[in-house]
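[1] The sequence and its predicted three-dimensional model are supplied below.
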Amino acid sequence: MGAELKYGTHEREALATVYCCQQWRHYLLGSVVFVQTDHKPNLAMEKNKLANERVGKWARALQEYAPKFFQKDGKAHADADSLSHMPLPAEHSVDTGAPFCRHCNLPVDGSIPIHSGLEASIARVEVGGVSPLAAVVPFLDKVKAALPSDPFVSDLFRYLQEGTLPVETNRRKNVMVQEDSFDVRDGLLYRYKKGGTEQLYVPPALRDTVLTMHHDHPMGRYPAVKRLSQRLLAEFWWPRLRKDAREWVYKCRPCQERRNQPKSRNPQTLPVPFRPFQRVGIDVVGPVPMSRRGNRFMLIITYALTRWPEVFALPEVPAWKVVKILFEEIICRYRFIETLVSNRGTNFFAEIVQELLKLVKARHLTTTSYHSQGNTIPERFNQTLVQGLGKQVDEERGDWDLYLQPFLASYRTTEYAETGYSPFGLVFAHDSQSILQVTPVPEGARAPSVCYDEYAGFIRQQRIERVDRARGRAERERQARERRNPPQMTEKFCLGDRILLQKPTPNLGKQPKFAMKFEEGQTFVVVAVPHDRPHVAVIRPLGGKERDVISTDCLML
């Protein structure tokens, strides 16, 4: 449909192979899969060495089946070709020559009367047709045939049907313990629960059929683990049924691609810095509505301990501009920094940025992909900044950058709940004075003499005390957060695990309702799990070489 009509023949066959494997997934997994094709280019799908990116994506989707591709000449490929050359239904009635209606497929001349409602239902019934129960009978026959050879219930089944107990003592005890809970009727073994619920025992060979009909079938509607278990236990039973249902759902690709990933609880909290300018966070907000001065982005720099923010309105944020601001506005003003924390943006990974950090001997820490929560303080300040500016500015006037510095002045002089001090108070070791409380200096008055040594000692002592109190309070807040929300990992990954990667969430309201939450047709492999950072994993695409460090919140087995 749509763009698929323009695909070449080999692309259509490749897409058909993916579609068939997805439809027959539960029959193909664990088996050797052979694919016969009369198009030699599709043989490269087995080794995933394709120049066509579209076919390469489909080839990666087939890696979990490990298919073996074989070429078969077109002349010998008549079994598959015959299906594509099936004759179309006739366009005219053979009896009267009248054309068929495209809605009801009946002649338009009225030679065959059109029924409706109950009459149509009765008119369509064919004598000797297949009964709706015909599909159930073979399944029950298979259950009957498999019961005598089932090692788990063969002794119990034989005792209930023939009254014969096994010779071994342990096996005899097991039969006697289960005797009251089971019964044989019409050659089938039923289990009875409290309340009179009757459950059919299903042998191991037929359990996949039951799971497929109650989960993968259109009437099953892909229920989750709990609902699937409840639905099965209403009619069927076998040992470890709930475990099998859980594994079935976790192996179902459509379920994993669309279900919400439960977030892990802060597996590692950031330590509180010891000094005011020890750790600096940097981030970019934008694009925002362009101002009259042509600014579309905001470069945000925050200090972890003091929460002091610096914001720069820019038309673009290239790497050289980041270096210029870091050197002139941060390093030259506040001296050197020890650690710079950023996301994985290309403007922060540029060689010129790395050279500057190497020059000032600063470490560069980055968040994992698709997980900006690692850079907590700038991300939290971004929300405050956007909300605060949004309450004052008018998008049509394009003057948001005029309100930027007044907003920062107010933010810097407001007490921060976690530290108990304002950013201004921690940086300058004294509280700021409100404009309303400033006393005008009389004309001609002279400032009192000041002993700079005493003043410097006083400021130094004040700063040490304030920083110690702020750091202690921030540390207590961090520990209280961990007690309220203890670290807990939802998934534990091992080397070689095949996983799915969560797709970045688009803007709110623009994500399609039926969109997959994980990369469609893309499987990744865990190649490393750092022992000192259990909340991240190093992954690469199945069949690829490029590695990436990803937060476990974005991964799913």
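    Nice, thanks for sending it over.
[2] alpha carbons only for contacts and neighbour counts from here, please
    Will do.
[3] export the host helix or strand of His26 as PDB, just CAs?
    When secondary structure is defined by DSSP states H and E, His26 falls within helix 25-28. C-alpha atoms of helix 25-28 as PDB (Å, rounded to 0.1, in the frame of the first residue of the first chain):
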ATOM      1  CA  ARG A  25       6.700 -16.300  15.000                       C
ATOM      2  CA  HIS A  26       5.800 -18.800  17.700                       C
ATOM      3  CA  TYR A  27       6.100 -21.700  15.300                       C
ATOM      4  CA  LEU A  28       9.500 -20.600  14.000                       C
END
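[4] So what touches it?
    21, 65, 212 (CA atoms under 8 Å, 6 or more residues apart in numbering).
[5] Could I get the pLDDT score of the last one?
    pLDDT recorded at Thr212 is 85.
[6] returning to what we had before: could you tell me which of the contacts of helix 25-28 belong to helices?
    Judged by DSSP state H, the subset of these located in helices is Cys21.
[7] Quick one: end-to-end length of stretch 43-59, please.
    10 Å (CA to CA, to the nearest Å).
[8] pLDDT of it, averaged?
    Mean predicted confidence for stretch 43-59 is 73.
[9] what bits of the stretch 101-250 of the chain have low per-residue confidence?
    Applying pLDDT under 70 to the stretch 101-250 of the chain picks out residues 101-137, 195-196, 218-221.
[10] residue ranges of the strands in it, please?
    182-185, 188-192, 198-201, 236-237 (DSSP state E, counting those that start in this stretch).
[11] Could you dump those strands into a markdown table with mean neighbour count and distance to Asn347 added?
    Below are these laid out as a markdown table (neighbours: other CA atoms under 10 Å; distance: least, CA to CA, whole Å):
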| stretch | mean neighbour count | distance to Asn347 |
| --- | --- | --- |
| strand 182-185 | 16 | 69 |
| strand 188-192 | 19 | 65 |
| strand 198-201 | 20 | 62 |
| strand 236-237 | 20 | 59 |
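[12] out of those, which comes closest to Phe348?
    strand 236-237 (57.5 Å; CA to CA).
[13] And for the closest one, what's in contact with it?
    Outside strand 236-237, the residues that touch it by CA under 8 Å, 6+ apart are 191, 199-202.
[14] got it, and stretch 339-355?
    When contacts are defined by CA under 8 Å, 6+ apart, stretch 339-355 is touched by residues 278-283, 317-320, 322-323, 362-369, 372, 375.
[15] Which ChimeraX command selects the buried ones in the residues you listed?
    The ChimeraX command for the buried members of the contacts of stretch 339-355 (criterion: 16 or more other CA atoms under 10 Å) is given here:
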select :278,279,280,281,282,283,317,319,322,323,362,364,365,366,367,368,369,372,375
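[16] In helices, which of the contacts of stretch 339-355 appear?
    Among those, the members falling in helices (DSSP H) are 319-320, 322-323.
[17] Tell me which of the strands of the stretch 101-250 of the chain sits nearest to Tyr403.
    strand 236-237 (67.3 Å).
[18] List the strands paired with that closest one, with their directions.
    strand 198-201 (parallel) (DSSP bridges).
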